[in-house]
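**Student:** Fold the following.
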Amino acid sequence: MSKLDLTAIRAEFPALLERPYGKPLAYLDNAATTQKPNAVLEATARAYREECGNVHRGVHLFSERATKSFEAARGQIARFIGAKEAGEVVLTKGTTESINLVASSFGKSQLKERQEILLSGMEHHSNIVPWQLLAEEKKLSIKVIPLTDEGELDMVAFEKLIGPHTGILSVVWVSNALGTVNPVEQLIAGAKKHGVPVLLDAAQAVPHLPIDVKALGCDFLAASAHKAYGPTGVGFLWGKKELLERMPPYQGGGDMIATVSFEKSTYREPPARFEAGTPNIAGVIGFGAALEWLSRLPLAEARRHESQLAAECAIRLSEMPGIRLIGRPKERAGAVSFVMEGVHPHDIGTILDREGVAVRTGHHCTQPLMQRFQVPATARASFALYNTREDLDALMRGLGRVREVMG
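**Tutor:** Model prediction:
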């Protein structure tokens, strides 16, 4: 597709035809999960209908078909993120498992007592809790890059925090709560000056930004399929091959072993070493289909469209009486968070739902960030490439209705 045809794209998403409470659907909860195009629905169904065998283990036709499609999806992920080879891509349940894998395997084997784990003040809980568990076990400490009032990283503070005492920098690329796009090139360059490995949480970056892990120079990158039009329960960890080869298994079980005896087991090379048990085969195949579908679109134009919608949303919200934006980053992707004076975010979400507008309310799994801005929760509108200005108009009308109902 040479030009972004929103009508044609929206027609590929059956969910967008829904009319909640008789109203046209304005789905603005894409940072939580995106809707799925027919290409993904069909690929997932076909995997169960025509390729329902276990991967890597059978010599019969169904297993061979499943293995071929499964590994083709791994290759599709590798190409999409600019990896050197498919063997650098570990298939997981999602960003959360990918970060846990790094913390449990790389962290336990490579980090030394009294080293520091450097995070940021806008991390999702999945990039906080695994490191807390590791820090408690290995007597490590956690340092946090503070946020400015605009919802951006304080880069002066970062330069003071990073150093030879830092064991790893694990930071989100795009904030799921604020939409802030962090200066990851600058963060990686600062870490490399001190020989510090870098893990990027790219859950929100994959659907909105171009990614080339070779050019970035990070050491690990984690993401989820369902944020990028793919199935739930699937994701990946990309890691530099030399790092993956030094890491011990994260879980034990079938398919990750070379040999097993009651005395000793030996393990396969990465990525198989980290993929114990039967994976979500159909989900992985569906993820490959999602990335293939995305790759056929004019992605630069799609990203401009998403960015323009988010920017216009922020402007229109800031002009509404009683609305306060949470975070005003210079570079934003996808998400806009706000609060309304005298109205709890859950009430905003409930009333908007009755108007056919789906947004997210709550702390967005970023409670430390909410504490930083002294709010218990926000309402969040988040955009995908299939959203339209009509969706944005519906949000604004819905917020007018919130004001009417709540006085």
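
**Student:** rest of the way, CA atoms for contacts and neighbours
**Tutor:** OK.

**Student:** how is the protein carved up into domains?
**Tutor:** With domains defined by automatic domain parsing, the chain comprises 6-30+298-406, 42-295.

**Student:** Name all residues that make contact with residue 394.
**Tutor:** Residues counted as contacts of residue 394 (CA atoms under 8 Å, 6 or more residues apart in numbering) are 26, 355, 357.

**Student:** Read off the pLDDT value for the last one.
**Tutor:** By that I understand residue 357. At residue 357, the model reports a pLDDT of 98.

**Student:** Next: residue 58.
**Tutor:** So, for residue 58, pLDDT stands at 86.

**Student:** Torsion angles phi and psi at it?
**Tutor:** phi -110, psi 160 (degrees, to the nearest 10).

**Student:** if I pick it, what's in contact with it?
**Tutor:** residue 64.

**Student:** between the domains of the chain, which one is nearest to residue 36?
**Tutor:** The closest of the domains of the chain to residue 36 is domain 42-295. By CA to CA, the value is 5.0 Å.

**Student:** Go ahead and measure how far that closest one is from the middle of the chain.
**Tutor:** 10 Å (CA atoms, centre = their mean, to the nearest Å).

**Student:** quick one: terminal-to-terminal distance for it?
**Tutor:** The first and last residues of domain 42-295 sit 17 Å apart, counting by CA to CA, to the nearest Å.

**Student:** Equivalent analysis for stretch 327-347, please.
**Tutor:** With CA to CA applied, stretch 327-347 spans 21 Å between its terminal residues.

**Student:** Quick one: low-confidence residue ranges for the stretch 151-300 of the chain.
**Tutor:** Per-residue confidence of the stretch 151-300 of the chain (counting by pLDDT under 70) places no residue in a weak region.

**Student:** is it possible to export the domains of the chain to a markdown table including distance to residue 36?
**Tutor:** Compiled in a markdown table, the domains of the chain are given as follows (distance: least, CA to CA, whole Å):
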| stretch | distance to residue 36 |
| --- | --- |
| domain 6-30+298-406 | 6 |
| domain 42-295 | 5 |
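
**Student:** Could you check how many residues crowd around the closest residue in space to residue 240 that isn't next to it in sequence?
**Tutor:** The spatially closest residue to residue 240, leaving aside those adjacent along the chain, is residue 219, at 5.6 Å (CA to CA, 6 or more residues apart in numbering). By the measure other CA atoms under 10 Å, the count of residues near residue 219 is 22.

**Student:** residues contacting residue 219?
**Tutor:** Residues in contact with residue 219 (CA under 8 Å, 6+ apart) are 197-199, 239-240, 243.

**Student:** gap between it and residue 241?
**Tutor:** If you go by CA to CA, the gap between residue 219 and residue 241 works out to 9 Å.

**Student:** Verify the stated contact: residue 10 with residue 384.
**Tutor:** No. Contact criterion CA atoms under 8 Å: residue 10 and residue 384 do not qualify, at 10.8 Å.

**Student:** okay, those two: which has more neighbours?
**Tutor:** residue 384 (29 against 17).

**Student:** Relative to residue 6, how far out is the more buried one?
**Tutor:** Distance, residue 384 to residue 6, by CA to CA: 11 Å.

**Student:** where does residue 390 land in three-state SS?
**Tutor:** Taken by DSSP: H, G, I helix; E, B strand; the rest coil, the conformation at residue 390 corresponds to helix.

**Student:** Pull the number of nearby residues for it.
**Tutor:** Applying the criterion other CA under 10 Å, we find 11 residues in the vicinity of residue 390.
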